[in-house]
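Enquirer: Predicted structure and sequence below. I'll ask about it afterward.
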Amino acid sequence: PAATGEVARPAPRHAMAVLIFFSAAATVVAAAIGAHLPALVLASGATAEQALLAASLMGPAQVAARLLQFGPLRRLHPLALARLACLAQLCGGLALLFFGAPAAIAFVLLFGAGNGMQTIAKGTLPLAVFGPAGYGGRQGLIAAPGRVLQAGTPVGFGLLLAAWGMASTAAIAAVALAALLSLLLLSHRGKAGAD
C-alpha cells in the first residue's frame with residue numbers, strides 16, 4: 001500500500017528502450033530454444049538419447065539458478081543478475097557452436113540457468129530502475145514487443161535451423177550478446193550510461 005503513494009522516479013535516459021530491447025531479446029531466445037532444443041542438439045551431432053538427456057536438464061538448470069538467485073546471489077543487483085544471465089546464455093551458445101555434441105549438456109545447463117535468472121530479472125529490473133510507482137503499466141509496455149516477437153519465433157528459428165543446421169546457434173548467441181550489450185547502457189544506480 002505504501003508504494004501506491006510513491007512518485008515515480010525520474011525516468012533515466014534510454015532506460016525504457018534498453019529494458020524493452022532486453023526483454024524482447026530474452027523472450028526471443030527462450031522461445032527459439034524452448035521450441036527447438038532437441039532438434040538443435042541433434043543438429044550438433046548428438047544422438048537422440050544424448051539430445052533427450054541434455055533437454056531434460058533444462059528445467060533443473062532453471063530451478064537451480066533461481067535457488068542461487070534467492071540464496072548466495074541475493075545481494076547482487078538485478079542488473080548484475082540480468083547481465084550474468086545473458087552471459088551464461090552467450091557462453092552456452094558459443095560452446096555448442098564451437099564444440100558441438102560434446103558441449104550439449106553444458107549448453108543446456110548454461111542456457112537453462114540464464115533463462116531461469118532472466119525470468120526473475122525481467123520482473124525485478126524495471127522495479128530497480130524506476131521504482132514501484134507505475135510498475136504494472138510499465139511492465140506491460142516492456143513485455144509487449146517481446147510477446148509479439150515470441151509468436152513468430154518458433155517458426156522463424158525453425159526455418160533458420162532447417163537452413164543452417166547447428167550454425168543457427170550463432171543467431172542465438174548473437175541475440176544473447178545484443179541483450180548483454182544493451183544492459184551495459186544501464187548502471188546499478190538505475191541511470192543510463194549516456195547520462
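Expert: That came in fine, so what should we check first? Numbering: from 1, shown residues only.

Enquirer: where in this protein is pLDDT low?
Expert: Applying pLDDT under 70 to the chain picks out residues 1-12, 188-195.

Enquirer: can you give me the helices in it?
Expert: 15-43, 48-56, 58-70, 78-99, 104-130, 135-164, 169-183 (DSSP state H).

Enquirer: and the second one, what does it pack onto?
Expert: Secondary structure elements in contact with helix 48-56, counted by 3 or more Cβ pairs under 8 Å, 6 or more residues apart in numbering; DSSP states H and E, are helix 15-43, helix 104-130. Yep, even glycine has a C-beta here, placed from its N, CA and C like the rest.

Enquirer: okay, those in CSV with distance to L57 and mean neighbour count next?
Expert: Shown next, in CSV, are the helices and strands packed on helix 48-56 (distance: least, Cβ to Cβ, whole Å; neighbours: other Cβ atoms under 10 Å):
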stretch, distance to L57, mean neighbour count
helix 15-43, 10, 22
helix 104-130, 5, 23
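
Enquirer: Just want the most central residue of the protein.
Expert: The residue lying closest to the centre of the chain (Cα atoms, centre = their mean) is A26, at 3.5 Å.

Enquirer: Quick one: the helices and strands packed on helix 48-56 as JSON lines, columns for distance to A64 too.
Expert: Shown next, in JSON lines, are these (distance: least, Cβ to Cβ, whole Å):
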{"stretch": "helix 15-43", "distance to A64": "17"}
{"stretch": "helix 104-130", "distance to A64": "7"}
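
Enquirer: Relative to L79, which of those is closest?
Expert: For L79, the closest of the helices and strands packed on helix 48-56 is helix 104-130, at 6.3 Å, according to Cβ to Cβ.

Enquirer: tell me the angle of the closest one relative to helix 48-56?
Expert: When axes from the mean of the first three to the mean of the last three Cα atoms, to 10 degrees is applied, the directions of helix 104-130 and helix 48-56 differ by 20 degrees.

Enquirer: Between the helices and strands packed on helix 48-56, which one is closest to S56.
Expert: Of all the helices and strands packed on helix 48-56, it is helix 104-130 that lies closest to S56, at 8.5 Å by Cβ to Cβ.

Enquirer: now the closest one: how far from the chain's centre is it?
Expert: Remark: helix 104-130 is offset 5 Å from the chain centroid, using Cα atoms, centre = their mean, to the nearest Å.
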